[in-house]
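> prediction below, plus the sequence it came from.
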Amino acid sequence: MIADWSQEVVLAATILSWFIIGAGLAQTTIYLLQLVVAGYALSQRPPVARSALLWQRYGDVAPPIALLVPAYNEALNVVESVHSMLALEYPNFEVVVINDGSKDDTLQRLIDAFKLVKFHRPYEEALAHQPIRGVYSSPMTERLFVVDKENGGKADAQNAGINVCRAPLFCVIDGDSILEPDALMRAAQPFIDDPERTIAVGGTIRIANGSRIEAGRVREIRLPSRLLPLFQVVEYLRAFLMARLAWSSINTLMLVSGAFGMFRRAEVVAVGGFTKGSMGEDLDLVIKLHRYMRDRKRKYRIQFIPEPVCWTEAPETLSVLARQRSRWQRGALECFFRYRSMLFNPRYGRVGFLGFGHILVVDVLGPVAEVLGYVLMPAFWLLGILSAEYLLAFTALIFIYGVCVSVSSLILEEAELQRFPRARNLAVLTAAAVIENFGYRQLNNFWRVKGCWQFLRGNQGWGEMTRTGLGGAKK
Amino acid sequence: MWYIWDLSILLSALCLVIMLLLIARRVLQERRGRATADQRRQILTALIAFSENRDREALKAAVLGVPAGVAIDAGFEFISLLRGEERDDVLVAFNECGLPARVARQLRKGNVAERIHAAEMLAALGSDDASASLLSALSQDRAREVRIAAAIALCDLGSLPLLGTALDFIGAAGQRSRRLIELFRRFPRSRFNELAVHASRVDASPFVRAATIDALARAGGFGFADFFAGLTGDAAPEVVAAALRALGLTGHAEAPAILKRAMANDDWDVRAAAAESAGRLGLPELTAPLSALMDDEIWTVRYAAANALRSFGLSGERLLREIASAEVSRSQRTASLILAEGPAL
């Protein structure tokens, strides 16, 4: 009887181990394939032209762009951010700041800094959003408009901005982020080269912690001195340079970051804009765009290009980072289940198979399988249920391939882009790419599983994002 | 299972070795970068000195004393700041140093970004052989961006082949690019009829046809008004909208009838373009159809119609006020919004 029982336990443990290792293998295979595709895509991309040349080349034909900046309790950074946005190098753009019912003095600081006055601006009420209390313009610059509205969340604020703006293209950016001066010009390039098919373009988000920032510009690129943001530098490189570039090159990009993305207004309005209350409103929008264009059998491109850069502040404490990661996980799950009918649906082609398949493996199953593995695999081995082979295979998938993937992203960055100014930066990042696999990765997966749990319980809170302020932190 | 472990160790070790090599390469690049910056400073100093003393031999010595790539880059930036005789003198010195030949080589052998830049530099340097190199790039280069850049450069040098031929070289994919707008805007007046011929070709891409119409309207003036009027009956809405906008710039005796007809078109872009042109030309006889467009289902059309009415002056404003004070409707709301536009009182 006991022998039968123990046989069943061994069988169950073996099946579970195979599931865990299978999920790890699937993830690792996806990452390695992404690396190969991204490497190929990057090698085919023309090297970056200088900003001055871009202006000379595209200045006359660059389409108008509205820069939408939702701001909620951003009093600390907002004036400096708007100054830096107004100083962007682009021939035809307007900045629309949307004060989403901030509880602090975000609006007042803007009014004071730019001498804002109330202004009537007719606009199309194409998308629903919370009521607008007033639109302001500045006598100091005709490029700036501030929309003051009742609080409704980031997606709601962005929808209000889309309604108010008049340009055929809009670019969403977080209020606490800093765009490189030529970022708009670079991001607009696909809309110039292929204006009929391009409907969305994403650029690179980089972490500004540690860099020297003056007057809303990143003057000197430095690495963060603290470990947590340093690990995030590697993480962002992996996410943008490897994953997004790879998916973009096969037109299956599922995410254009809400911190910096450019969209064609007509298509966004047609899909109903950003989904209000969504945890992953950026992922949600891109999925809707894919669905809309494929349903209508229209040719389109959603592209990622690595050159335009937006700098953002990364969380420096574990508690803030944990909240951010749980929220991202909830956003991914929410979108996956909301649009689950697209999964493996032949109507949606590679978006349904590859894009959604990727979300299933990496975001839905991946974290759960990995965290289960942390606990069960050593336990099974200690109890003598599993052989050392299994444990080593799991260890290899979690730690060693992790090192390989992280370092490979750095290799891509250095071989093709070289955006870190000094050789010493590369050495530090290489060390971080190795170390992050021993502790940080596990912590991240724990937060993601927590996010899964919150999703199942229907927790929809965003949590507070404590910010020190990009400019202020560096003084 | 062991192979998973073995392969992971092997791959990770390989990545680390490659990364270490890249770090070593970067150290060397940093040293080279400092030397390049010094050379660039030297060449710019020599160019500034030349604009004072016109000592061509000294300039040539400085140009030949640094690697050609550095001289080309710094020189191109500098000559874009110069005009007239001074620019011509610098170009002669560059030609005598063989820089255009180096740029032509870059046009053949560089990566895509370098080849595009080389096409632009060749147009600026204007050497004898530039046209031949650019023609070869236009007809043979693999990248459409380079072919478009070569076409623009050739246009600047006055050596662009017939427009149809150039567009064939650029290829169908390249004919979606907004860069073509720039090419058409640079067309010399003597070749405007080529643009007109292309704009009339029903087999050509509507985007390209619309771009040619736009270029003609900006530079061609009233001479093409009849031509634009004829195109307002085209089958492609993009072409009709461009022709209507062009008519808005040039004007035409038949414009009121044409615009009125276009305001009833099925395509909203055409209706918006008609309203916009009516406002630009100031045609109060179109007040009735414009008032009807204020109830259009598309906001852009309503907005263009209301703006057109407003541009008619007092009579238009009066009509807008009447509509705004009428019963609640789409027209009424549009009129109120347009009348309220501007600083709040």
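Thanks, I have it.

> contact residues of the stretch 51-200 of chain A facing chain B?
Proximity of the stretch 51-200 of chain A to chain B (CB under 8 Å from any CB of the partner chain) is limited to residues A:52-53, A:56-58, A:60-61, A:63, A:117-124, A:126, A:134, A:137, A:191-197. Every residue, glycine included, has its C-beta placed from N, CA and C.

> inside helices: which ones of these?
Residues from these lying in helices, with DSSP state H as the criterion: A:Ala52, A:Leu53, A:Gln56, A:Arg57, A:Tyr58, A:Phe191, A:Ile192, A:Asp193.

> residues contacting the third one?
It refers to A:Gln56. A:Gln56 sits next to B:Ser80, B:Glu120 when contact means CB atoms under 8 Å, 6 or more residues apart in numbering or on different chains.

> contacting residues for residue 242?
Just going to use chain A. By CB under 8 Å, 6+ apart, the contact set of A:Met242 is A:Tyr31, A:Gln34, A:Leu35, A:Ala38, A:Val405, A:Ser408, A:Ser409, A:Leu412.

> actually chain B
B:Arg209, B:Ala210, B:Ala211, B:Ile213, B:Asp214, B:Ala217, B:Leu231, B:Ala273.

> let's verify A:Ser257: helix, strand, or coil?
coil (DSSP: H, G, I helix; E, B strand; the rest coil).

> that one contacts A:Asp282, doesn't it?
Yes: with contact defined as CB atoms under 8 Å, A:Ser257 counts as touching A:Asp282 (5.9 Å).

> all strands of the stretch 301-450 of chain A, in order?
A:301-312 (DSSP state E, counting those that start in this stretch).

> up against chain B, what does it have?
A:389-390, A:392-393, A:395-397, A:400-401, A:403-404, A:407-408, A:410-411, A:414-415, A:418, A:422-423, A:426-427, A:430, A:434.

> alpha carbons of stretch A:29-46, as CSV, please.
Presented in CSV, the C-alpha positions along stretch A:29-46 are these (Å, rounded to 0.1, in the frame of the first residue of the first chain):
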residue,chain,number,x,y,z
THR,A,29,13.9,28.8,-26.3
ILE,A,30,11.8,31.9,-26.9
TYR,A,31,14.5,34.1,-25.5
LEU,A,32,17.2,32.5,-27.5
LEU,A,33,15.1,32.8,-30.7
GLN,A,34,14.4,36.4,-29.9
LEU,A,35,18.1,37.0,-29.6
VAL,A,36,18.8,35.6,-33.0
VAL,A,37,16.0,37.5,-34.7
ALA,A,38,16.9,40.8,-32.8
GLY,A,39,20.6,40.3,-33.7
TYR,A,40,19.7,39.9,-37.4
ALA,A,41,17.2,42.8,-37.3
LEU,A,42,19.8,45.1,-35.7
SER,A,43,22.5,44.1,-38.1
GLN,A,44,20.2,45.0,-41.0
ARG,A,45,19.2,48.4,-39.6
PRO,A,46,21.1,51.4,-40.9
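
> buried residues of it, list them for me.
A:Ile30, A:Tyr31, A:Gln34, A:Leu35, A:Val37, A:Ala38, A:Gly39, A:Ala41, A:Leu42, A:Arg45, A:Pro46 (16 or more other CB atoms under 10 Å in any protein chain shown).

> for the stretch of helix or strand the third one belongs to, which helices and strands make contact with it?
In other words, A:Gln34. Here A:Gln34, judged by DSSP states H and E, is contained in helix A:2-44. On a contact count with 3 or more CB pairs under 8 Å, 6 or more residues apart in numbering or on different chains; DSSP states H and E, helix A:2-44 meets helix A:245-249, helix A:366-382, helix A:388-395, helix A:401-412.

> can you put the ones in helices among the residues of the stretch 51-200 of chain A next to chain B in a markdown table and add pLDDT?
Below are these laid out as a markdown table (pLDDT from 0 to 100):
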| residue | pLDDT |
| --- | --- |
| A:Ala52 | 73 |
| A:Leu53 | 79 |
| A:Gln56 | 81 |
| A:Arg57 | 84 |
| A:Tyr58 | 87 |
| A:Phe191 | 94 |
| A:Ile192 | 92 |
| A:Asp193 | 89 |
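
> separate out the buried members of these.
Buried among those by 16+ other CB under 10 Å: A:Leu53, A:Arg57, A:Tyr58, A:Phe191, A:Ile192, A:Asp193.

> which pair in those spans the largest distance?
A:Leu53 and A:Phe191 (18.1 Å; CB to CB).

> sorry, back to before: need the winner for burial among the helices and strands packed on helix A:2-44.
The highest average neighbour count among the helices and strands packed on helix A:2-44, using mean count of other CB atoms under 10 Å in any protein chain shown, belongs to helix A:401-412 at a mean of 25.

> so which bits of the stretch 1-150 of chain B are right by chain A?
With the criterion set to CB under 8 Å from any CB, the stretch 1-150 of chain B comes near chain A through B:1-2, B:4-5, B:7-9, B:11-12, B:15-16, B:18-20, B:22-23, B:26-27, B:30, B:77, B:80, B:111-114, B:116-117, B:120, B:143, B:145, B:149.

> out of those, which sit inside helices?
B:2, B:4-5, B:7-9, B:11-12, B:15-16, B:18-20, B:22-23, B:26-27, B:30, B:77, B:112-114, B:116-117, B:120, B:145, B:149.

> got a PyMOL select line for the buried ones in those residues?
Selection of buried members from those for PyMOL, criterion 16+ other CB under 10 Å:
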select buried, chain B and resi 4+5+8+11+12+15+16+18+19+22+23+26+112+113+114+116+117+120+145+149
